[in-house]
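# A structural model of the following input is requested.
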Amino acid sequence: MKILYGTELLKELRVQCDNVTSKFWIAVHFIGSEENIRKIIGKQWLLNKSLSIRLLLDLTHFKNINPEVIEIFNKMGDVKLLKGLHAKVYIIDDKCILTSANLTETAFFKRYEIGVLLEGAEAKEVIDIYKKWWDIGESINSDLGKELINQALLNQDSISDQLPMLWNLPIDLDCFES
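Below you'll find the model as predicted:
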């Protein structure tokens, strides 16, 4: 595990992206413009037609997701929506970067972000979780995916009401005392 922050986070992500050979999977909450994501992740993933490319997005803030970039990812691979996704995961081949940074100029150039580079068994665990999320995500090309996008565009103000309850909080908060 390697801790990354500031320009080291950007540099490590870019090095990994520039050397991608088989798998390029991303899960983010927000995604920026084509010009800015090329500055962040380069273009190698666009040139290698044999890559497995996946983009997993939340749709509760759909107005903060660039539709042109979604279309590029959709043409190159697959895009799915997962309501309530807030993780930022960059999987490049058998490595993974878990970070607070969305795929935006703001995240990589204007915010204090941090991440970790994982390899081996640690990366495999994250990849397995990504696969689970991918399996329950909805393709943007499906009728339901298109309906979810339309709903998200219409209902931007009531975001927390749109999210499903995933886990229950404990009834007794004393369970956290030592």
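# Might you report the residue contacts of the residue with the shortest distance to the centre of the chain?
Nearest residue to the geometric centre of the chain (Cα atoms, centre = their mean): Ala27, 1.7 Å. Ala27 makes contact with Leu55, Leu56, Leu57, Leu82, Leu85, Ala87, Lys88, Val89, Tyr130, Trp133, according to Cβ atoms under 8 Å, 6 or more residues apart in numbering. (Each C-beta comes from the backbone N, C-alpha and C, glycine too.)
# mind listing the strands for this structure?
Using DSSP state E, the strands of the chain run over 2-5, 23-28, 52-57, 78-81, 89-92, 95-99, 114-118, 138-139.
# hmm, who's touching stretch 108-126?
By Cβ under 8 Å, 6+ apart, the surrounding residues in contact with stretch 108-126 are 1-6, 9-10, 12-13, 16, 39-40, 88-89, 91, 94-101, 107.
# brain fart, stretch 93-100
With Cβ under 8 Å, 6+ apart as the criterion, stretch 93-100 contacts 4, 9, 12-13, 16, 20-23, 87-90, 107, 113-120, 122-124, 126-127.
# change it to 7 Å
If you take Cβ atoms under 7 Å, 6 or more residues apart in numbering as the criterion, stretch 93-100 is touched by 9, 12-13, 16, 20-23, 88-90, 113-119, 123, 126-127.
# For stretch 98-118, buried residues please.
Neighbour-count burial for stretch 98-118 flags 98-99, 101-105, 107-108, 113, 115-118 (criterion: 16 or more other Cβ atoms under 10 Å).
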